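Visitor: using only what follows, build the 3D model:
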Amino acid sequence: MKKILIIGATSGIGYALAEEAHKRGYHVGATGRRQNRLDELSTKLQNYITIKCFDVTDSTAKTSLIEIIEEMKGVDIVVINAGISNYQGSSVLEMEEKVISVNVTGFVRMMNTSYKYFKQQGHGHIVGISSVAGLFGWGTSAPYNASKAFISNYMQGYRQKAKRVKADITITDIKPGFVESEMTKGKKDMFWVAKTPKAAVQMMDVIEKRKHHAYITKRWRIIGWMVKLLPNFVIDRL
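Guide: Below is the predicted model of the structure:
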């Protein structure tokens, strides 16, 4: 039985991905900041589910990650999905620092730890959930878009590192467009909004094919191509 660990599995994409992986016969590991959501997921899936509550921004997160891997007696795939789009801070600076802390610092901590584990194990698959938003800057969500761009570039660097070691390590960058979740709830001017279960199915298909890059849903590749063709002076006026 293959084992998949999903970091950030208490809502939205992560929760649906845990359900879809379990449906496909995986032993699922699930982490998140909300114990009640993890308990709910555990009760729902019942068998072959291991949960652990921790925050990727905590200094102890690295230790917690290793602990759940050990509880599962090893893993084959780690999906790093923990992330936020905004934060109700007392100032814009506090909000932006929190987004970067979770989406960048937290991601780095999980990515680095997972890579070291798989390098020692000799094989493994790391999946990072970035976003179509990482393809461009946006005035109303500057830290979020920038953090997702960082994730994609960071994973590309690790993909290059993986090619220089003996271990068989795959690095997958998944870029979702708009997907129904707590993160997108109430947002306006969205289009091509995917149902969460549909997005989870496509993500698991990508993971099982060990692809390096993918847009979810597939039609968002069109937007990816268009953005890459647009000159900066056009994007700056959007």
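Visitor: which secondary structure element of the protein has the lowest mean pLDDT?
Guide: The weakest-scoring helix or strand in the chain, judged by mean pLDDT, DSSP states H and E, is helix 232-235 (a mean of 62).
Visitor: okay, which residue is most central for the protein?
Guide: residue 81 (2.4 Å; CA atoms, centre = their mean).
Visitor: what residues are up against that residue?
Guide: By CB atoms under 8 Å, 6 or more residues apart in numbering, the contact set of residue 81 is 6-9, 13-14, 17, 129. (Glycine included, C-beta is placed from N, CA and C.)
Visitor: could you do residue 123 as well?
Guide: In this structure, residue 123 makes contact with 76, 167-169, judged by CB under 8 Å, 6+ apart.
Visitor: quick check: bridge partners of it?
Guide: residue 168 (DSSP bridges).
Visitor: how far away is it from residue 135?
Guide: As for residue 123, its distance to residue 135 is 31 Å (criterion: CB to CB, to the nearest Å).
Visitor: also residue 160?
Guide: 20 Å.
Visitor: the two: which is more packed in?
Guide: Comparing residue 160 with residue 135 by other CB atoms under 10 Å, the one with more neighbours is residue 135, at 20 against 10.
Visitor: and which of the contacts of residue 81 is nearest to residue 179?
Guide: Distance to residue 179, by CB to CB, is smallest for residue 13 among those, at 5.9 Å.
Visitor: SS state for the closest one?
Guide: Put simply, residue 13 is helix when judged by DSSP: H, G, I helix; E, B strand; the rest coil.
Visitor: got the contact list for it?
Guide: 81, 129, 176, 179, 181, 196, 199-200, 203.
Visitor: now do residue 65
Guide: So residue 65 contacts 7, 31, 54, 110, 113-114 (CB under 8 Å, 6+ apart).
Visitor: buried ones only from these, please, as a ChimeraX command.
Guide: Listed next is the ChimeraX selection for buried residues among the contacts of residue 65, using 16 or more other CB atoms under 10 Å:
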select :7,31,54,110,113,114
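Visitor: tell me which of the contacts of residue 65 fall in strands.
Guide: Taking DSSP state E, the ones among the contacts of residue 65 that sit in strands are 7, 31.
Visitor: pull the most distant pair out of the contacts of residue 65.
Guide: Based on CB to CB, the longest span within these runs between 54 and 114 and measures 14.4 Å.
Visitor: what about the strands in the protein?
Guide: For the chain, applying DSSP E gives strands covering 3-7, 27-32, 49-53, 77-80, 123-129, 168-176, 213-216.
Visitor: which one of those strands lies nearest to residue 88?
Guide: Taking CB to CB, strand 27-32 is the member of the strands of the chain nearest to residue 88, at 19.0 Å.
Visitor: contacting residues around the closest one?
Guide: 1-11, 14, 18, 21-22, 38, 41-42, 45, 48-54, 64-65, 68-69, 71-72, 75, 82.
Visitor: mind doing that once more with 7 Å?
Guide: Under the criterion CB atoms under 7 Å, 6 or more residues apart in numbering, residues 1, 3-10, 18, 21-22, 38, 41, 45, 48-54, 68, 72, 75 lie in contact with strand 27-32.
Visitor: now, of the residues you listed, which are buried?
Guide: Using 16+ other CB under 10 Å, the buried ones in those are 3-10, 18, 21-22, 38, 41, 45, 49-54, 68, 72, 75.
Visitor: okay, residue 135 and residue 215: tell me how far apart.
Guide: Counting by CB to CB, the gap from residue 135 to residue 215 is 10 Å.
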